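*Asks:* Turn this into a model:
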Amino acid sequence: MDLRDIKAFVALAETGSISRTALRLNLTQPATTRRVQNFEAAIGGAALLDRTAKPAVLTPIGRQVLEHCRRVLAAVVELEASASATQEPEGDLRIGIAHGHAEFVLSSPLDDLRRRYPKILLRVSSDWTTRLIEDVHSAALDCAVGLLTNNHIVPAGMQAMALGQESIVIVAARDSYPRRKGGGALRLRDLADQVWILNPAGCGCRAALQRAFDRAGAPMGIATEVFGEELQLSLIARSSGLGFVPRRQLDSSPHRQHLRIVRTVDFDLQATITMLHGAALGRLTAAVESLRDTISARLRRHR
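*Replies:* Sure, this is the predicted structure:
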């Protein structure tokens, strides 16, 4: 049984298509198909994929085999790591960063990493934390800096180290701060007549806010869905809408003087800035640990 065939089957199960598998493995599509077919033949010709479905899906036997294959690949990585963890980091380091913290992480922490490990080639992407967790779990990323809430689930075997806390705050234009009728502390229900400028669906913090409104039995009216917290803050500063952003993003924004934090007594969302990576990183271990420590130190300085 060829280890490369096992990797091809796992990649196909995780990506869902031969074309994406070929891209991940840097192979042609025919070569990728042959590797998967070789693997199926090596285990006795069992039907691992239901090819009548579009796209193909794993059969029950295929799901069982996938878990065994993942354990085999994890054991191989651990074996390689035992010999290479002390070597100088080199090669591609694929890093994912949660939306809302890209600028914070992309500045001095990555500059420090490049200076310390010149043989590392950084490949950086930004995404929602839920997708970052999936990509680290499937080995599409080596590590990720996520913004985790209580609703995120970290799979077994994935390493997750808390680097710092982040408040996610509701913001409004300074001259259109919402008030409660009759005075007193604001509640989410008091914001039911407001409109929101938010990230598109997929954002974990937006989902947490929606769930809070649902629990309060109040509607959440969305006026604008636009990607990027800085653009959202710009729109909020010029309108009567509300937004929902990480506190650090607000404090560093050029629009800060035109915005106010809206505090409610029945909703407070705290997230944990977390470094995520697999159980074994091999020769990339030192680089990931260095990045982790640099970000953690920077967070402590910018509390």
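*Asks:* In contact with L259, which residues?
*Replies:* Each residue near L259 by CB atoms under 8 Å, 6 or more residues apart in numbering is listed here: 171-174, 233, 236-237, 250, 253. Glycine gets a C-beta too; all of them are placed from N, C-alpha and C.
*Asks:* among those residues, which ones are buried?
*Replies:* Restricting those to buried positions leaves 171-173, 233, 236-237, 250, 253, with burial counted as 16 or more other CB atoms under 10 Å.
*Asks:* so which of those comes closest to L110?
*Replies:* Of all the buried ones among the contacts of L259, L110 sits closest to S253, with 21.1 Å by CB to CB.
*Asks:* The residue lying closest to the closest one once chain neighbours are set aside and H255, how far apart?
*Replies:* Here the nearest residue to S253 in space, its sequence neighbours aside, is L233; by CB to CB, 6 or more residues apart in numbering that works out to 5.0 Å. According to CB to CB, to the nearest Å, L233 stands 5 Å off from H255.
*Asks:* cool, and T59?
*Replies:* Using CB to CB, we find T59 at a distance of 53 Å from H255.
*Asks:* What segments of the chain are strands?
*Replies:* Under the criterion DSSP state E, the chain carries strands at the ranges 49-50, 57-58, 91-98, 120-127, 143-148, 159-173, 195-198, 221-225, 242-246, 259-262, 269-277.
*Asks:* Make JSON lines from those and add mean pLDDT and distance to G16 to it.
*Replies:* Supplementary listing: the strands of the chain in JSON lines, determined by pLDDT from 0 to 100; distance: least, CB to CB, whole Å:
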{"stretch": "strand 49-50", "mean pLDDT": "82", "distance to G16": "11"}
{"stretch": "strand 57-58", "mean pLDDT": "85", "distance to G16": "8"}
{"stretch": "strand 91-98", "mean pLDDT": "88", "distance to G16": "19"}
{"stretch": "strand 120-127", "mean pLDDT": "88", "distance to G16": "17"}
{"stretch": "strand 143-148", "mean pLDDT": "92", "distance to G16": "20"}
{"stretch": "strand 159-173", "mean pLDDT": "91", "distance to G16": "25"}
{"stretch": "strand 195-198", "mean pLDDT": "92", "distance to G16": "29"}
{"stretch": "strand 221-225", "mean pLDDT": "89", "distance to G16": "26"}
{"stretch": "strand 242-246", "mean pLDDT": "90", "distance to G16": "32"}
{"stretch": "strand 259-262", "mean pLDDT": "93", "distance to G16": "41"}
{"stretch": "strand 269-277", "mean pLDDT": "91", "distance to G16": "22"}
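*Asks:* Would you tell me which of the ones you listed gets closest to D111?
*Replies:* So among the strands of the chain, strand 120-127 is nearest, using CB to CB, at 10.3 Å.
*Asks:* Would you mind pulling the contact partners of that closest one?
*Replies:* Strand 120-127 is contacted from outside by 89-99, 102, 106, 110, 113-114, 135, 141, 284, 287, using CB under 8 Å, 6+ apart.
*Asks:* about what we covered before: dump the residue contacts of the residue nearest to S253.
*Replies:* With contacts defined as CB under 8 Å, 6+ apart, the neighbours of L233 are 171, 243, 245, 249-250, 253, 255, 259.
*Asks:* JSON lines please, covering the residues you listed and showing distance to T149.
*Replies:* Formatted as JSON lines, the entries for the contacts of L233 read as follows, by distance: CB to CB, whole Å:
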{"residue": "V171", "distance to T149": "18"}
{"residue": "G243", "distance to T149": "17"}
{"residue": "V245", "distance to T149": "14"}
{"residue": "Q249", "distance to T149": "16"}
{"residue": "L250", "distance to T149": "18"}
{"residue": "S253", "distance to T149": "22"}
{"residue": "H255", "distance to T149": "25"}
{"residue": "L259", "distance to T149": "23"}
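*Asks:* Among those, which one sits closest to G204?
*Replies:* Among the contacts of L233, V245 lies closest to G204 (CB to CB), at 13.2 Å.
*Asks:* What's opposite the closest one in the beta bridge?
*Replies:* Residues found in beta-bridge contact with V245 (criterion: DSSP bridges) are V169.
*Asks:* That one is in contact with G100, isn't it?
*Replies:* Yes - taking contacts as CB atoms under 8 Å, V245 lies within contact range of G100: 6.6 Å.
*Asks:* close enough to count as contact, P55 and G16?
*Replies:* Yes - under the contact definition of CB under 8 Å, P55 touches G16, with a separation of 5.2 Å.
*Asks:* mind listing what the nearest residue to Q194 once chain neighbours are set aside touches?
*Replies:* Ranked by CB to CB, 6+ apart and with sequence neighbours excluded, the top spatial neighbour of Q194 is L242, at 5.1 Å. Counting by CB under 8 Å, 6+ apart, L242 touches 170-172, 178, 191, 194-197, 236, 262.
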